[in-house]
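Student: Here's a sequence, model it:
(3 chains)
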Amino acid sequence: MTARRMILWLPLAALLLLLAVAGVRLSRPEAPLPSPLVGKPVPDFALPLLGGDGVLAAAALRGRPVVVNVFASWCVACAAEHPVWLAAAQEAEIVGIAWMDDPEKTRAWLAERGDPYRAVGVDRDSRAALDLGVTGAPETYVLAADGRIVFKFAGVVTPEIWRRRIRPLLGGGS
Amino acid sequence: MTVEAGHFALLLALAFALVQALALPVARLAARPGLAGVAPAAAAAQAVAMAVAMAALVHAFAGSDFSVRVVAENSHTAKPMLYKVAAAWGHHEGSLLLWATLLAAFGGVFALWRQGLPAATRLYTLAALGVVGVGVLAFVALASNPFDRLSPAPIEGRGLNPLLQDPGLAFHPPLLYVGSVGVSVAFALAVAALLRGNLGPGWARATRFWTLVAWIFLTVGIALGAAWAYAELGWGGWWFWDPVENSALLPWLSAAALLHALGGVERRGGAEAWAVILAILGFSFSLLGMFLVRSGVLTSVHAFAADPLRGVFILALFAAIAGGALVLFALRGGRLSRHVAFAPLSRDGARLLGTVLLIVAAGVVLFGTVYPLLAEALNLGRLSVGAPFFDATVLPLLAPVVALMAVGPLLRPGRDAARRIWPTFVAVAAVGLAAAGLSARWGGWAAAGFGLAAMLAAGCAAVLWAERRTLSRRRLGMVVAHLGLAVGLAGITGGSRLAAEGIAALPEGGALSVAGRDFVLASVIEVPGPNYLARRAEIVEAGGVVLRPEARLYETPRQATSEAAIVSSPWGDTYAVIGESDASGRWVVRMFVKPLLPWLWAGAVLMAAGGALALTARTAPSARRQP
Amino acid sequence: MRRGAILALLLALLLAPFPAAAFGPDEPLADPALEARARALSKELRCVVCQNQSIDESDAELARAMRGLVRERLAAGDTDQRVVAALTARYGDFIRLMPPVKPATLPLWAAPLLFLLFGGAAWVGAFRRRGGDASAAAGDADAAALPRAGAVPLLAALAVALGVAGTAYLVLGRPGLPDQPVRPRLAERQGVEVAAIAEMEGMATRLEARLATHPGEARAWAMLGRAYLFLGRPAQAAAALRRGVDLGETDAATQGDLAEAMVQRDQWVDAAAEDIFLAVLALAPDDPRAGYYLGVAALQRRDVARALARWRRAAAAEPEGSPWRRRLEFHIARLAEMKGLPPAP
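Tutor: Modelled structure (predicted):
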């Protein structure tokens, strides 16, 4: 008898589960897509340098903490976070990856706004971006001295995020 | 003052809904049964008031009254009149007002039409509809009011998007709404049955009527949406297992299940609890779809602008309405019979099994759609559940439903004997196997699709033959609807499994070969439109079709759109899209050949027509009267 | 269902910060078997910047890059599994539209089977026992006729409803605010009867229809543009007048209307509009409108002296008391007053 009665409560139980899930989802904003690369060595990429011969290679970024910033001249939000990098360039090594962008436009963009990057790699066909798991611009990665990715941030880096979350990862050394 | 009159009418409708919901409880509490008689009048008055409110909003859109906020945000003086009017329901507030108007209209018709239902059933049903009305109208008035005003009013609206101007887009949502609102009557009848403790006379027939109305509109609405996507999105797809598409599919599946469950209940009784829970599920799915579309909890190409506060309101509404009904079901459902008076091997037994499979499929669709949310809530990581999952799980669940549809109607009601029916079964199955064998060279999916379609068509033919002298209109409707599914299934299979496509950058005069047919890009000319400049390609097949796809550049605002060219014949579609030109003056041409695809639309029309035939049929007088 | 489709899809296409690129002719691999594998694989990979689309159907540039990567790896001899594994290592399981079977997805993959077993058991169970729990005989409440509410309850209910709605309306409504349909407002702004607006709308519709079949008629384009301008649709007006001018309707009035439409559209006299007004002055040196807007352009550059000079020349060429002269004199006086200059040179 009880088992047969229990079946009547089943739809209600399913509804409550659904409501709980929807409630959780409404109560907290969608988390950014977590990157499985955090904690792993940075994938090996090699990009031509903007304005000159040579290569920006992942291997050459070892030995000290480095900030890698994915940006583009077509990206409005990148212009919004740019002042942060201009200010941060004094205290950290920042490397840029110009994503899906015409090098001419990148150059003009940097000439107009100032160039905070130690080096800029040109990634027109997204190969490095796909290796890094980029989902949009701007996006920022922090590489530890041993070449591991220790932090990833998708979106506009504010001075607050720079101070609280990125700079502490760079250690005192830089 | 029509705008303000509309606003007042909306609030008046809310008040009438309140009266409608409270009339019966008040009558009981005051021990004055006569008071309950107010409910039908209130339902009718609510319908009239909502018609006035909706008309006022349409009037504001037609006259471009930009002092109404939603008009300023969603319309523009440069829109053709048809799209000005359609813009009245082309946004969150207006579409919700239309939803509420349809709900009131259904309630009004139900209130005035006896349908052979006893007074108690009608009063309970009206009270349940009143509660739903109060919830939806409170949401409209308090959190989504379309009659918000702007003062001073802007001189021009912001809603000029040439891409939204499409007849399919103007009429597909209202049709779908009629369907998803229509299931509310069956829901309210189910609540009434639970409150009564039994179904009472006429319940199954009335529920079947309203469910059939809703199902017909859901069928047409979903098909129109798919047809729009096929014609406009430019890559030849028509169904994407998108969360919002899924949430339109759920009420359709459960309404189809309810229709078939009711056949048994109406004729021989039994499985009453099953019919009642299906009716509750149908409208709950409908409300869930509303939540998913309007709250932004799921990423979907269909979502309205996300508004978490509205999301909370709709979630509460959904929780209250669906939750209330399911609590009632848990408490009172035990009084309804759960067992049946027919044998498993019988028309009714097959039908019952079909309803179970339909609901299992609906359950998988629902679970797959919300599983990413569940995984995230439990911190299991971010997941995607997309088309490949649904193809792999839902289609195998629906395949046996099609097989059941082929053989079930051939069985006798109540009880049948295996030795009587097996030759027919073997014949029907043989037709299916033959078709599957013939189409096996296109792969397993094609074999399954064509095999099942042929089997279903053979089953339908067998019913027509066996009952050629006695076929009632209602049976004919069933056969036509089932045949529609067979035709549609063939269209789906041909249009996807036999499809071919080609893409090339062609100079003028260049040729592209797709599925053994040669197409030549004869010319590309520039054609001015009223507010756009189009590049129109002429693609010619030697001795065959001529296609003229366009790429349009609109000037205000600057937007590029692509107008695919589709030439249909009974044997398939030829579909062409023109893209950009490269530096050497060649044009990107993408072409699809989709055999049998038009059968999909023909199938949907047949299904709706079958439903309409059954709807207008008089119930057989020999139908057993319900206890 | 689909109505938001468009909206969101279009918004996604238009506003997405990504360059769009549909499936291109350079993408397919030469080997048909390999290409078929690439297509099948692409349908199972999610475009991470899109709303629920596979990379196969997405126009996003990132999806295109991913399609390229998939094909490159397949061409290099990778198995399907290895391609998927490589992308999963970078983006996580989120990228797989066909979720992998693992502990986190076990409920998902088990659901179809569990639901089916449960449904099957319920179906079998329905036949197990006959009768017994069939619903009770017809209830007491099967009276066919509804209870009749008397006039008093009906009127009372109506009064309650009116009271509730009235109270709510006083809180939510704007009782003092009349309708403001756009035709009378336009008529008032243009100083004409409402009928004239309707007539102009009719004319615009007829011209649109004519131009759909005779797109080369310069005069019709110019007339359509003027109608739009009159109806307060400067963006459309500018487009139509531009076509008219390009097709040869280059008289001063048409060019002036074009430039005015551009100014009304942009709320700014930009360089393009300024050039057209200069061309107008070359054709008709006394054109007051061109003089007025060129003065405005000068003011935008903070060149007060040049603005005053433009306006004074334009005003001097107009007959005393004409609308343009009154308008120009008004602006000259205001500007001079603000800058502390004498109103006349």
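Student: Not counting its neighbours along the chain, what's nearest the closest residue to chain B within the stretch 51-200 of chain C?
Tutor: The nearest approach of the stretch 51-200 of chain C to chain B comes at C:Leu97, 2.8 Å away (Cβ to the nearest Cβ). For every residue, glycine as well, the C-beta is placed using N, CA and C. If the residues on either side of it in the chain are set aside, C:Leu97 comes closest to B:Gly386, at 2.8 Å by Cβ to Cβ, 6 or more residues apart in numbering or on different chains.
Student: Which residues are in contact with that neighbour?
Tutor: Residues touching B:Gly386, when contacts are defined by Cβ atoms under 8 Å, 6 or more residues apart in numbering or on different chains, comprise B:241, C:44, C:46, C:52, C:54, C:97-98.
Student: again, only using 10 Å
Tutor: With contact set as Cβ atoms under 10 Å, 6 or more residues apart in numbering or on different chains, B:Gly386 has these partners: B:240-242, B:368, B:372, C:43-46, C:52-54, C:96-99.
Student: what's the answer for B:Leu129, then?
Tutor: By Cβ under 10 Å, 6+ apart, the neighbours of B:Leu129 are B:17, B:20-21, B:39, B:43, B:46, B:103-104, B:106-108, B:110-111, B:184-185, B:187-189, B:191-192.
Student: where does chain C dip in pLDDT?
Tutor: Counting by pLDDT under 70, chain C contains low-confidence ranges at C:1-22, C:25, C:129-142, C:341-345.
Student: Where do the strands of it begin and end?
Tutor: Ranges of strands within chain C: none, based on DSSP state E.
Student: re earlier: count the neighbours of the residue of the stretch 51-200 of chain C closest to chain B for me.
Tutor: A count of neighbours around C:Leu97, defined by other Cβ atoms under 10 Å in any protein chain shown, yields 24.
Student: Any idea how many residues pack against B:Leu471?
Tutor: The local packing of B:Leu471 (other Cβ under 10 Å) involves 14 other residues.
Student: Wait, the residue of the stretch 51-200 of chain C closest to chain B touches B:Pro388, no?
Tutor: Yes. Here C:Leu97 reaches B:Pro388: they are 5.3 Å apart, a contact under Cβ atoms under 10 Å.
Student: Between those two, which contacts overlap?
Tutor: Looking at what touches both C:Leu97 and B:Pro388 (by Cβ under 10 Å, 6+ apart), the common residues are B:241, C:43-45, C:54.
Student: from those, which single one is nearest chain A?
Tutor: The shortest gap between chain A and any of these belongs to C:Leu45, at 11.5 Å (Cβ to the nearest Cβ).
Student: The closest residue to C:Leu34 other than its chain neighbours and B:Pro388: what is the separation?
Tutor: Leaving out its chain neighbours, the residue that sits closest to C:Leu34 by Cβ to Cβ, 6+ apart is C:Leu74, at 5.5 Å. When distance is defined by Cβ to Cβ, to the nearest Å, C:Leu74 is 18 Å away from B:Pro388.
Student: With B:Asp65 instead?
Tutor: Using Cβ to Cβ, we find B:Asp65 at a distance of 48 Å from B:Pro388.
Student: Between the two, which has more neighbouring residues?
Tutor: Taking neighbours as other Cβ under 10 Å, B:Asp65 and B:Pro388 compare with B:Asp65 leading, 27 against 19.
Student: Backbone dihedrals for that one, please?
Tutor: B:Asp65 adopts backbone torsions of phi -80, psi 90, taken as degrees, to the nearest 10.
Student: repeat for C:Gly77
Tutor: phi 100, psi 10.
Student: what sits against B:Phe209?
Tutor: B:113, B:115, B:185-186, B:262, B:614-615, B:619.
Student: And these, which of them are buried?
Tutor: Applying a neighbour-count criterion of 16 or more other Cβ atoms under 10 Å in any protein chain shown, the buried members of these are B:185-186, B:262, B:614-615, B:619.
Student: quick one: which of these is nearest to C:Arg334?
Tutor: For C:Arg334, the nearest member of those is B:Val185. The distance, counting by Cβ to Cβ, is 67.0 Å.
Student: Under a three-state scheme, what state does that closest one occupy?
Tutor: With DSSP: H, G, I helix; E, B strand; the rest coil as the basis, B:Val185 sits in helix.
Student: With B:Leu489 instead?
Tutor: B:Leu489 carries the three-state label helix when classified by three-state DSSP.
Student: How about the contacts made by it?
Tutor: By Cβ under 10 Å, 6+ apart, the contact list for B:Leu489 reads B:398-399, B:402, B:448-454, B:456-457, B:599-600, B:603.
Student: Tell me which of those fall in helices.
Tutor: B:398-399, B:402, B:448-454, B:456-457, B:599-600, B:603 (DSSP state H).
Student: Would you list the buried entries among those residues?
Tutor: Among the ones in helices among the contacts of B:Leu489, those scoring as buried are B:398-399, B:402, B:448-454, B:456-457, B:599-600, B:603 (criterion: 16+ other Cβ under 10 Å).
Student: any idea how far B:Ala87 is from B:Ala72?
Tutor: Using Cβ to Cβ, B:Ala87 is found at 11 Å from B:Ala72.
Student: ok, now C:Asp303?
Tutor: Spatial separation of C:Asp303 from B:Ala72 under the definition Cβ to Cβ is 37 Å.
Student: what are the C-alpha coordinates of stretch B:43-62, in CSV please?
Tutor: The C-alpha atoms that make up stretch B:43-62 are tabulated as CSV, following Å, rounded to 0.1, in the frame of the first residue of the first chain:
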residue,chain,number,x,y,z
ALA,B,43,-14.5,34.2,-16.5
ALA,B,44,-16.5,35.7,-19.4
ALA,B,45,-15.9,39.2,-18.1
GLN,B,46,-12.1,38.5,-17.7
ALA,B,47,-12.0,37.3,-21.3
VAL,B,48,-13.7,40.5,-22.5
ALA,B,49,-11.5,42.7,-20.4
MET,B,50,-8.3,41.0,-21.7
ALA,B,51,-9.6,41.4,-25.3
VAL,B,52,-9.9,45.1,-24.6
ALA,B,53,-6.4,45.3,-23.1
MET,B,54,-4.8,43.4,-26.0
ALA,B,55,-6.7,45.5,-28.5
ALA,B,56,-5.5,48.7,-26.8
LEU,B,57,-1.9,47.5,-27.0
VAL,B,58,-2.3,46.6,-30.7
HIS,B,59,-3.9,50.0,-31.3
ALA,B,60,-0.9,51.7,-29.6
PHE,B,61,1.5,49.7,-31.8
ALA,B,62,-0.5,50.4,-35.0
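Student: can you give me the mean pLDDT across that stretch?
Tutor: Averaged across stretch B:43-62, the pLDDT comes to 96.
Student: same check, this time on stretch B:343-350
Tutor: Confidence over stretch B:343-350 (mean pLDDT, whole number) is 90.
Student: how long is it from one end to the other?
Tutor: Terminal residues of stretch B:343-350 lie 9 Å apart, using Cα to Cα, to the nearest Å.
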